[in-house]
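1. Pasted the sequence and its predicted model underneath.
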Amino acid sequence: MNTMSPSRFSQLLKILVLLVVTFWLLSSTAPFRLTDNEHIYYANGVESFVSTFLSHEPYNEFDVPIVSELCASKNWTSGLVLSCEPAPGGLEHVRNAHLNCIRFAIEMGGWCLVCMSRTLDMLTLQSTAELVVPGIIKRDDSNIRLTRPYTGVGPVRGQPFDYLFDFEHLRLSLSRFCPQMRVHRTMDDLYNVPSLLNAIAISLPIIRVPLINGSVVNDTKGLSRRIRAYTDLVSPPENRTRPVRFHLATTQFAFPTASDGAEFARQFGRVVRAREDARSLAAVALYNLQKYLKLLPVPQPTGHISGPFVGLHLRTEEDQSYMPPFKIQAPQLLSYAKDSGMKVAFLATGTKVDEVELFSDMASELSVTVLTKWDVLYGGDLRKLRQLTWDQRALIDYEIMLHAGLMAGMAGSSFVWSLALRRGTAPGAANMAPATNSTAQWQDSLSTLFGTETRQSCGFERTIWP
């Protein structure tokens, strides 16, 4: 009986391993089957697509003269510095906290310029105030329930603004539309001003602002007056001979966006946007998604919806105990996907792999194919995605979901509220009252949010900047 020699067996084993590795590489770098002509077209078009994607804003271009009008209406005071507490939580919690910090800074700029300029001889008489953008509390990737892992001594500084967002875009936007306010990345920019080392605490309860449901500012018209009364009390203007810093407690969902008008709300949120490398990665993912759909991936300069896929947000991660369980979320989202008539659903989620697989299996029974960000990025782009933290990966989901033909999620999530409100600013988006037998809390022609109204979700609708 002939037996295979060890050397022969070793050679065959090496060949088998090589074939497996080759198959894996091909499957991980070329998930979409294209014709030769399609392959050439798509390969040559991705750079142009990404470039156009980055140079345009979804749902009309970013142009905010109305922000300029608000800033110009204030009497700005030199020598006043506002810093804000680093924001913990998910993507929209952090983004909205930053926007609220900027909005409160505009209100705090409305102090008496004349009486201040007489005492601050060491400062320029130019009417500018200073804002230090808050840091971001990085969550533990292995346990996202830990939103405040800091245990050291001293103030919590968090990650810099660039951890999630585009600081240069923020700085350039505000220098153009609100030049009265200088923006600093961190307190390190003001190292040479000793009087700013210590700060005076300020918060909504401290200045006794009337609140709706204990969280939302009721009287924005009197906000500047209340701020001034408090600051003049703790730091009398006649004694202010050095720059003074006030430190604002986190106000994630406190400022009613409707108080400045719909147009202001629609534009103001654009000053804080995802960092550019994340937007670039999202653009590539969207390009590949359109390849899968066999569409000509032409970016939309006017920000219109990109293509016939439905975006679904599954929020079952362990950090939010108040969200409905998978067995409630999945059927609602899948029913929505089926009713949409679209055959492809993009699933935005950071949940466990087994739940994603179960969701995909349930969708396939309805003839709906589910794709995630992990399915529409490959090769070097997939490696870039793996290098991002859990919260940074949410930026990719957010940008892709903005371009879905239809979108659905749970009303308990600030993430989908932000998406729904932003998508609601699209040309042609029409608000619709949910049907009386519907489980939807929010519904328009582009987005649906399921769930009963709660104090929290009501606050989201009132206070999230689109």
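-> Perfect, I can see it now. Residues are numbered from 1 along each chain as shown.
2. got the domain boundaries for the protein?
-> Using automatic domain parsing, the domain parsing of the chain gives 65-271, 275-463.
3. Go through the ones you listed and find the least confident stretch.
-> If you rank the domains of the chain by mean pLDDT, domain 65-271 sits at the bottom with a mean of 81.
4. How far off centre is it?
-> On the basis of Cα atoms, centre = their mean, to the nearest Å, domain 65-271 is displaced by 19 Å from the centre of the chain it belongs to.
5. for stretch 353-368, same thing?
-> 27 Å.
6. now stretch 362-379
-> Once both centres are worked out by Cα atoms, centre = their mean, stretch 362-379 turns out to sit 23 Å from its chain's centre.
7. pull the CA atoms of it into CSV?
-> Below are the C-alpha coordinates for stretch 362-379, written out as CSV (Å, rounded to 0.1, in the frame of the first residue of the first chain):
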residue,chain,number,x,y,z
MET,A,362,-34.7,37.7,8.8
ALA,A,363,-34.4,40.2,6.0
SER,A,364,-33.5,37.6,3.4
GLU,A,365,-36.8,35.9,4.1
LEU,A,366,-38.5,39.1,3.0
SER,A,367,-36.2,39.2,-0.2
VAL,A,368,-34.3,42.2,1.3
THR,A,369,-30.5,42.1,1.2
VAL,A,370,-28.8,43.8,4.2
LEU,A,371,-25.4,45.5,3.9
THR,A,372,-23.4,47.2,6.7
LYS,A,373,-20.3,49.4,6.5
TRP,A,374,-18.2,46.3,6.8
ASP,A,375,-19.7,45.0,3.5
VAL,A,376,-19.2,48.1,1.4
LEU,A,377,-15.6,48.8,2.3
TYR,A,378,-12.7,46.5,1.4
GLY,A,379,-9.0,46.4,1.0
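8. closest one to L54 among the domains of the chain?
-> domain 275-463 (5.9 Å; Cβ to Cβ). The C-beta positions use only the backbone N, C-alpha and C, and glycine is treated the same way.
9. and the nearest residue to S68 once chain neighbours are set aside, what is it in contact with?
-> Excluding the flanking residues, the one nearest S68 by Cβ to Cβ, 6 or more residues apart in numbering is F177, at 4.7 Å. Listed by Cβ atoms under 8 Å, 6 or more residues apart in numbering, the contact set of F177 reads 64-65, 67-68, 71, 271.
10. Same check on A278?
-> 388, 392, 395-396, 399.
11. ok, and the most crowded of the residues you listed?
-> Within the contacts of A278, most neighbours by other Cβ atoms under 10 Å means I396, with 27 neighbours.
12. circling back to that earlier point, which pair of the contacts of F177 spans the longest distance?
-> The widest separation within those (Cβ to Cβ) is 13.6 Å, between P65 and V271.
13. In terms of neighbours, single out the busier of those two.
-> More crowded of P65 and V271, by other Cβ under 10 Å: V271, with 25 against 10.
14. Please report the number of neighbouring residues for the nearest residue in space to the more buried one that is not next to it in sequence.
-> Leaving aside its chain neighbours, V271 sits nearest to S173 (4.5 Å; criterion: Cβ to Cβ, 6+ apart). S173 has 22 neighbours, counted by other Cβ under 10 Å.
15. give me phi/psi at S173?
-> The phi/psi pair for S173 (degrees, to the nearest 10) reads phi -60, psi -50.
16. Just list the residues touching F264, thanks.
-> F264 makes contacts with 66-67, 70, as judged by Cβ under 8 Å, 6+ apart.
17. I'd like these laid out as JSON lines, including neighbour count.
-> Formatted as JSON lines, the contacts of F264 follow (neighbours: other Cβ atoms under 10 Å):
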{"residue": "I66", "neighbour count": "16"}
{"residue": "V67", "neighbour count": "23"}
{"residue": "L70", "neighbour count": "18"}
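18. Look at the spatially closest residue to T250 that is not a sequence neighbour and say how many residues are nearby.
-> Nearest non-adjacent residue to T250, counting by Cβ to Cβ, 6+ apart: E85, 4.4 Å away. Neighbour count of E85, defined by other Cβ under 10 Å: 20.
19. before we move on, the earlier item: please flag which of the contacts of F177 sit within strands.
-> Taking DSSP state E, every one of these sits outside strands.
20. closest to K352 among the contacts of F264?
-> V67 (41.4 Å).
21. Can you tell me the SS state at V310?
-> With DSSP: H, G, I helix; E, B strand; the rest coil as the basis, V310 sits in strand.
22. For the stretch 51-200 of the chain, which segments count as strands?
-> Ranges of strands within the stretch 51-200 of the chain are 80-84, 129-132, 181-184, 200-202, based on DSSP state E, counting those that start in this stretch.
23. The second one pairs with which strands?
-> This points to strand 129-132. Strand 129-132 pairs in its sheet with strand 80-84 (parallel), strand 181-184 (parallel), by DSSP bridges.
24. and if you look at the shortest one?
-> Sheet neighbours of strand 200-202, with direction, are listed as strand 244-248 (parallel) (DSSP bridges).
25. measure V310 to D444 for me?
-> In this view, V310 and D444 are 15 Å apart by Cβ to Cβ, to the nearest Å.
26. between these two, who's got more neighbours?
-> V310 (24 against 18).
27. List the residues that contact the more buried one.
-> Neighbour list for V310: 336-337, 340, 342, 344-346, 404-408 [criterion: Cβ under 8 Å, 6+ apart].
28. quick one: which of these sit in helices?
-> Using DSSP state H, the members of these that fall in helices are 336-337, 340.
29. Counting neighbours, which of these comes out on top?
-> A337 (24 neighbours).
30. quick one, strands of the stretch 201-350 of the chain?
-> All strands of the stretch 201-350 of the chain, identified by DSSP E, counting those that start in this stretch, fall at 211-212, 216-217, 244-248, 307-313, 344-348.
31. For L281, which of those strands is the nearest?
-> Among these, the nearest to L281 by Cβ to Cβ is strand 344-348 (14.1 Å).
32. Could you work out the end-to-end span of stretch 166-186 for me?
-> Taking Cα to Cα, to the nearest Å as the measure, stretch 166-186 stretches 14 Å from start to finish.
33. Also stretch 178-198?
-> Start-to-end span of stretch 178-198 (Cα to Cα) is 26 Å.
34. buried residues in it?
-> 178, 180-187, 190, 193, 196 (16 or more other Cβ atoms under 10 Å).
35. contacting residues around G90?
-> By Cβ under 8 Å, 6+ apart, the residues touching G90 are 391, 394, 414-415.
36. which of the residues you listed sit farthest apart?
-> Maximum pairwise distance in those, criterion Cβ to Cβ, is 13.1 Å, between D391 and S414.
37. Pull the contacting residues for the nearest residue to V133 once chain neighbours are set aside.
-> Excluding its sequence neighbours, the residue lying closest to V133 (Cβ to Cβ, 6+ apart) is F161, at 4.8 Å. Counting by Cβ under 8 Å, 6+ apart, F161 touches 98, 133-136, 167, 170, 185.
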